[in-house]
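**Student:** 3D, please:
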Amino acid sequence: MKSNPPRAEDERTGTWSEPAKAAPRDLTGLQLGDFRVDRLIGRGGMGEVYLAEQISLRRPVALKVLLPEWVSRPAYLSRFSVEATAVAKLNHPNIVQVYALGEADGVHYIAMEYVEGANLREYLIRKGSLDIPLALSIMRQSGSAIGAAGEVGLIHRDIKPENLLLTRKGRIKVADFGLCRDTEADRVHVTQQGTTMGTPLYMSPEQAQGHALDHRSDLYSLGVTYYHMIVGEPPFRADSALALALKHVREQPVAMRVRRPDVPADLDRLVLKLMAKKAADRYQSAAEMLADLAKIRTQMSTIAGATALDLASLPTTAGAAEAADEARSLSGMEPATSRRGVDLAPLLRALRGGGASWFRPRLLAGLAVAAAAVGALAGWRARTAERAAERGRGAAAAPALGIGPRWESAPRRESAEAQYRYAWLAAPPDRLAAAWLAVPGYFPESYEWASAAYLQLGRALYRDRDLGRVVALARDVRAWRARQTRDAQLADVLDAAEALLRRDVDGVIGRLRRILESKDRPLSDPGLIDFGVEIVADALRAIDQPGATGAAAQRPDLAVLRGRLLLLRNRVLTTDLAVR
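**Tutor:** Sure thing, here's the model as predicted:
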């Protein structure tokens, strides 16, 4: 087992009083029963975790030791024992195994499987939001683990990214059942109704209120964790644990597709159902959730190449090729062609990611350099008229295909939807623009998917600060099927992006104001609204840069625009949820 990082002061909450802390101790080098302690690898609120060796079997173990100040409290000593005996009931490939429970020289310990790798929180901090195939694999494995625990009456009570461990082979291990409750062991009254335990960022509404829990509380926490790893941030933020708990009780989360438009609608519905406020409205078992998840994975199985766990940047990780093979096999997808050389995954995620982290100038600058290097070898160039003729009249009618790079270099898929998902999930970073252009290039008559691809292309070009192509795309899209409202609106938003790239903040304000005040074409596409929010956020950052002029007058106008866009986005989202 790998230990969790130290918790922030307001991350964990409880209704119990903490005992006075004992003097620090170091067990390094000691022998506790059959275990020789090597070094401290983590510390939590109630215990410490050491890397140790089981002498008789000569294998590494994680030794979880209860802190001295808790040993004198019978309830917590009992809970420590319950954790070991509860998890020992389970023999599941996605749950950290318990080897032994013991006491030596007044030290109470649990010997557990040592997982070499990282936890999901560490991975998210380093890599950002996950690609969809990888997220689906993690969902399947962790859901299976929590389902197995629920079948024997165990409630984890503290599901969160820190407790999902990623092994070197790409497997998920659910850890830290330290707050678990055995619903069948009524003789052990470790937790009482009215007691709040868990982590506020991920706890269920009933858990936040201290109500009685069942396995559906764990399903809610899984939903919050899935939301975090797919979008890149938790659904709720607050300044205190109490305020955060109230949000779980009262507020509806923003749909993932608003923050990350490439999320499949069925996956969005699955996660939001896990996060229903009332337990009766959620999935009633992990098995139900896994059945729907299997359908989503089947629908996406035509996309070649699941993204492997990229743990190479983490200190304890090795075997990248092995991890890639394992992650592909677990996700049920066909392996992608091996790509050697510089790892551009972080740069790709900068373009694909959601939330406030979409604009990352340093990463985008790196992508521009990498694209230029690869382009010199691959022959990035504008598409010629002869190639347009070869592809037929339909392709020639689609706009922006000549702005480069060659969209024909992207492999053709069997449908416009599959082509779009290829661009999101499988396109190499240096060919991302070509992959987006391939959607209208190969399927010019599939208007919905072509239009959606132009939006994503526009956002990618804007983030890459490619002024020339932003202008060209706006011009071509505006002339294409002018009767289509969404494309005209995309051109208008691209005009605002162009203004900001030219450092014309007043132009941004004027263009976005006209868009919002238009009665002929009211803005209603959440992706376009989010693009506007992104531009305003970047404009606010721009006026705070040294040497910027007019900030005092511009900041209030930008703040009003941002507020109007966010309100509009929430209104569109509410309507969308009502329809669904």
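**Student:** Neighbours of Asp105, how many?
**Tutor:** Neighbourhood size, Asp105 [other CB atoms under 10 Å]: 9. For every residue, glycine as well, the C-beta is placed using N, CA and C.
**Student:** my guess is it meets Leu32, correct?
**Tutor:** Yes: in terms of CB atoms under 8 Å, Asp105 counts as a neighbour of Leu32; the distance is 7.3 Å.
**Student:** which parts of stretch 124-134 are buried?
**Tutor:** 124, 127-134 (16 or more other CB atoms under 10 Å).
**Student:** With stretch 211-222 instead?
**Tutor:** Buried, per 16+ other CB under 10 Å, within stretch 211-222: 213, 215-222.
**Student:** Tell me the one of the buried residues of stretch 124-134 nearest Leu432?
**Tutor:** Asp131 (13.1 Å; CB to CB).
**Student:** Tell me the confidence at the closest one?
**Tutor:** With respect to pLDDT, Asp131 scores 88.
**Student:** So for Trp449, what's the nearest residue that isn't a sequence neighbour?
**Tutor:** Ala416 (3.8 Å; CB to CB, 6 or more residues apart in numbering).
**Student:** Equivalent analysis for Trp424, please.
**Tutor:** In space, Trp424 is closest to Asp262, 4.2 Å off (CB to CB, 6+ apart).
**Student:** residues contacting that neighbour?
**Tutor:** By CB atoms under 8 Å, 6 or more residues apart in numbering, the contact list for Asp262 reads 132, 352, 421, 424-425, 456.
**Student:** Buried only: go through the residues you listed for me.
**Tutor:** Of the contacts of Asp262, these count as buried by 16+ other CB under 10 Å: 132, 352, 421, 424-425, 456.
**Student:** All the strands of the protein, residue numbers only.
**Tutor:** 31-32, 35-43, 47-54, 59-66, 98-104, 107-113, 117-119, 154-155, 164-167, 172-174, 181-182 (DSSP state E).
**Student:** helices or strands up against the first one?
**Tutor:** In terms of contacts (3 or more CB pairs under 8 Å, 6 or more residues apart in numbering; DSSP states H and E), strand 31-32 is packed against strand 98-104.
**Student:** List the buried residues in the strand it packs on.
**Tutor:** Buried, per 16+ other CB under 10 Å, within strand 98-104: 98-102.
**Student:** Show the pLDDT at Arg514.
**Tutor:** With respect to pLDDT, Arg514 has a value of 91.
**Student:** And Lys64, how far from Asn163?
**Tutor:** Note on Lys64: its distance to Asn163, by CB to CB, to the nearest Å, is 13 Å.
**Student:** can you give me the helices in the stretch 401-550 of the chain?
**Tutor:** 416-425, 432-442, 447-463, 467-479, 485-501, 505-517, 526-543 (DSSP state H, counting those that start in this stretch).
**Student:** how about CSV for the ones you listed, with distance to Val71 added?
**Tutor:** Formatted as CSV, these follow (distance: least, CB to CB, whole Å):
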stretch, distance to Val71
helix 416-425, 50
helix 432-442, 56
helix 447-463, 54
helix 467-479, 64
helix 485-501, 60
helix 505-517, 61
helix 526-543, 50
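**Student:** Compare those and give me the one nearest Ser409.
**Tutor:** Here helix 432-442 is closest among these (CB to CB), at 5.3 Å.
**Student:** tally of neighbours for the nearest residue to Ala472 once chain neighbours are set aside?
**Tutor:** In this structure, Ala472 finds its nearest non-sequential neighbour in Ile403, 4.9 Å apart by CB to CB, 6+ apart. By other CB under 10 Å, 22 other residues sit near Ile403.
**Student:** List the residues that contact Ile403.
**Tutor:** Contacts of Ile403 (CB under 8 Å, 6+ apart): 382, 437, 469, 472-473, 476.
**Student:** most surrounded residue in the residues you listed?
**Tutor:** Using other CB under 10 Å as the neighbour criterion, Leu437 leads the contacts of Ile403 with 30 neighbours.
**Student:** So Ile159 is in contact with Tyr226, correct?
**Tutor:** No: Ile159 sits out of contact with Tyr226 when judged by CB under 8 Å, with a separation of 10.0 Å.
**Student:** Those two: which has the busier surroundings?
**Tutor:** Neighbours were counted for Ile159 and for Tyr226 using other CB under 10 Å; Ile159 has more, 29 against 26.
**Student:** Show the contacting residues for that one.
**Tutor:** 142, 146, 174, 202, 218, 221-222, 225.
**Student:** Please tell me the pLDDT value assigned to it.
**Tutor:** Per the predicted model, pLDDT is 92 at Ile159.
**Student:** How about the backbone phi and psi for the closest residue to Arg282 other than its chain neighbours?
**Tutor:** In this structure, Arg282 finds its nearest non-sequential neighbour in Ala276, 4.6 Å apart by CB to CB, 6+ apart. Ala276 has phi and psi values of phi -60, psi 140 when expressed as degrees, to the nearest 10.
**Student:** Which residue, neighbours along the chain excluded, lies closest to the residue nearest the centre of the chain?
**Tutor:** By CA atoms, centre = their mean, the chain has its centre lying nearest to Met229, at 2.1 Å. Leaving aside its chain neighbours, Met229 sits nearest to Leu130 (5.0 Å; criterion: CB to CB, 6+ apart).
**Student:** Let me see the contact set for the one you found.
**Tutor:** 124, 138, 229-230, 307.
**Student:** With respect to Ala496, which of the buried residues of strand 98-104 is nearest?
**Tutor:** Val98 (57.0 Å).
**Student:** Pull the contacting residues for the closest one.
**Tutor:** Listed by CB under 8 Å, 6+ apart, the contact set of Val98 reads 84, 87-88, 110-113.
**Student:** Buried only: go through the residues you listed for me.
**Tutor:** Buried members of the contacts of Val98, counted by 16+ other CB under 10 Å: 84, 87, 110-113.
**Student:** Mind picking the two most distant members of those residues?
**Tutor:** The most distant members of these, if one measures by CB to CB, are Ala84 and Glu113, lying 12.5 Å apart.
**Student:** if we can go back for a sec, next one: phi and psi at the residue nearest to Met229?
**Tutor:** Dihedral angles (degrees, to the nearest 10) for Leu130: phi -90, psi 150.
**Student:** sorry, back to before: okay, who's weakest in the contacts of Ile403 by pLDDT?
**Tutor:** Lowest in pLDDT among the contacts of Ile403 is Ala382, which has 30.
**Student:** burial count for Lys519?
**Tutor:** Neighbour count for Lys519, taken as other CB under 10 Å: 5.
**Student:** For it, give its distance to Gly507.
**Tutor:** Between Lys519 and Gly507 the distance is 22 Å, computed by CB to CB.
**Student:** now Ser137
**Tutor:** 45 Å.
**Student:** More neighbours: which of these two?
**Tutor:** The residue with more neighbours, out of Ser137 and Gly507, is Ser137; 27 against 16, by other CB under 10 Å.
**Student:** didn't Gly232 look like it was pressed against Lys127?
**Tutor:** No: using CB under 8 Å, Gly232 is not in contact with Lys127, being 9.5 Å away.
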